[in-house]
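K.L.:
Got a predicted structure here, sequence first:
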Amino acid sequence: MPTPAMLANTGAMKEFVGAFEVTSKLTGHTYSCKFSHMWVGMSTRHSDTIDTKITVDGVGHIIGLAHTAFVKFRERTGRDLTDREASFVSAEYLRERLEEEDLRPLYDVSEADVLRLIDKIGIK
């Protein structure tokens, strides 16, 4: 049986997502973003999330992805979402927020939004 296609966890975690820029649709400000790392939010924030840290203009911001979406993804596809794929989901969520000038230190991303972004990115 062939292994489902996935973005493998190759290289250093800080290199999972390359540096990127996002321009606010409201102000025209361009944000410089850089993925840092991820960890399980259940142990650090007592939340049911997988947390990622991305710096925006040099300041760290946390994007907490609902863990239940990881379970739903596994049920739907028969495989786990890789850390690298989750990193892309976090970056895409942050991109959407920054385009709307919604900058905050912590984002809790709902199950529905995580699954929507998985589909938007094309992760199967």
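P.N.:
Nice, thanks for sending it over.
K.L.:
Report all helices and strands that the longest strand along the chain contacts.
P.N.:
Ordering each strand of the chain by length in residues (DSSP state E) puts strand 30-40 first. Counting contacts by 3 or more C-beta pairs under 8 Å, 6 or more residues apart in numbering; DSSP states H and E, strand 30-40 is packed against strand 20-23, strand 49-56, helix 83-99. In short, each C-beta sits where N, CA and C put it, glycine included.
K.L.:
out of the ones you listed, which comes closest to residue 122?
P.N.:
Checking the helices and strands packed on strand 30-40 against residue 122 by C-beta to C-beta gives helix 83-99 as the closest, at 9.8 Å.
K.L.:
could you give the angle of that closest one to strand 30-40?
P.N.:
140 degrees (axes from the mean of the first three to the mean of the last three C-alpha atoms, to 10 degrees).
K.L.:
which parts of helix 83-99 are buried?
P.N.:
Neighbour-count burial for helix 83-99 flags 83-95, 97-98 (criterion: 16 or more other C-beta atoms under 10 Å).
K.L.:
swap in stretch 21-30?
P.N.:
residue 22.
K.L.:
what sits up against it?
P.N.:
31, 32, 33, 94, 95, 98, 99, 100, 101 (C-beta atoms under 8 Å, 6 or more residues apart in numbering).
K.L.:
Which members of the residues you listed define the maximum pairwise distance?
P.N.:
So, these by C-beta to C-beta: farthest apart are 32 and 100, at 17.5 Å.
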